[in-house]
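1. Structure for this input, please:
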Amino acid sequence: MEKRLFAFILLLATFKGFAQESKINSETKPLVIGESVTFYSDVLNENRNINVYLPQTYVADSTKTYPVIYLLDGGMDEDFIHIAGLVQFGSFSWINMVPESIVVGISNVDRKRDFTYPTTIDQDKNDFPTSGKSHDFINFIEKDLQPLIQSKYRTEDTKTIIGQSLGGLLASEILFKKPELFDNYIIVSPSLWWDDQSLLKIEPKAYNSEKQVYVAVGKEGEIMERDAKSLYQNLEANKKEHTKVYFQFLEAQDHGDALHLAVYGAFEKLF
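-> Okay, here's the model as predicted:
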């Protein structure tokens, strides 16, 4: 019995020594995919945060400039990581779907305030008590954000905006009222029901530059699908010679998961 116990203890000691010898040394470092920038907005009178993805060649080639993709709902806990990943993947040389681009994710403070224009509908006002300040937010993009990006990073003139849901409403409003702010518009599941579809009833502002507009919607119910299709038909019917308009219906997606596939489809078409 004692011999067996001694053999068992010896076996355990052998395994313990082996485990200690085979232990792998490791080092942990932060995984960095971009930069976080906080700055004061004179237009909004508050601090704002943006997340910035820079292409892999940005540091290596100090002479190269890049187009910029502006992402609404661009916080780290929102859509920044997966859209930045799409841009990285799409810009691989063997994929060549989208040019190497800087991605600027705009973190939210109050998206219901920033992404909506004033409404005449009482229910909208009750459900979104802080709403109606999109005019200020659009001015923030034009007067604070875009100049900051142009001065801080090596940018080309080409600018794209991506917006989904209320962000899609805001992107549509910019297209209708200040189209020169962006060259490409990726509008996904836009909340055009806001203020009884009043945005669809106004005449878009004329522009002279080239534009590409990509509208997408999932299987999201009659109103959302109808309004997205109406936006596309409106733009298609009134487009200039230098404008391209695309529409995608994502039958297998809903309001919650349409964005990723829609942006992938947009990259395939627009670039």
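2. Residue 244 belongs to a strand?
-> Yes - under DSSP: H, G, I helix; E, B strand; the rest coil, residue 244 sits within a strand.
3. beta partners of the closest residue to it other than its chain neighbours?
-> Closest residue in space to residue 244, ignoring its immediate chain neighbours: residue 212 at 4.8 Å, by Cβ to Cβ, 6 or more residues apart in numbering. C-beta coordinates here come from the backbone N, C-alpha and C atoms, glycine included. Counting by DSSP bridges, residue 212 is bridged to residue 184, residue 244.
4. For residue 212, which residues are in contact?
-> Shown in contact with residue 212 (Cβ atoms under 8 Å, 6 or more residues apart in numbering): 183, 184, 185, 243, 244, 245, 246, 269, 270.
5. tell me the contacts of the third one?
-> Under the criterion of Cβ under 8 Å, 6+ apart, the neighbours of residue 185 are 160, 161, 171, 172, 174, 175, 211, 212, 213, 214.
6. gap between the residue lying closest to it once chain neighbours are set aside and residue 269?
-> Spatially, and ignoring its direct neighbours in sequence, residue 185 is nearest to residue 213 (4.6 Å; Cβ to Cβ, 6+ apart). As for residue 213, its distance to residue 269 is 10 Å (criterion: Cβ to Cβ, to the nearest Å).
7. Need the residues touching each of these two.
-> Between them, residue 213 and residue 269 share these contacting residues under Cβ under 8 Å, 6+ apart: residue 246.
8. So which of these two has more stuff around it?
-> Between residue 213 and residue 269, residue 213 has the larger neighbour count (other Cβ atoms under 10 Å), namely 25 against 14.
9. where along the stretch 1-150 of the chain do the helices fall?
-> 2-21, 80-90, 111-114, 122-127, 134-140, 146-152 (DSSP state H, counting those that start in this stretch).
10. who touches the second one?
-> I take that to be helix 80-90. 33-34, 51, 53, 55-56, 69, 71, 74, 95, 97-98, 101, 103, 105, 162, 259-260, 263-264, 267, 271.
11. 7 Å instead?
-> The contact list for helix 80-90 (Cβ atoms under 7 Å, 6 or more residues apart in numbering) reads 33-34, 51, 53, 69, 71, 74, 95, 97-98, 101, 103, 105, 162, 260, 263-264, 267.
12. Mean confidence (pLDDT) on it, please.
-> For helix 80-90, mean pLDDT is 97.
13. give me the low-pLDDT residue ranges for the stretch 151-271 of the chain?
-> Low-confidence segments of the stretch 151-271 of the chain (pLDDT under 70): none present.
14. All set now, cheers.
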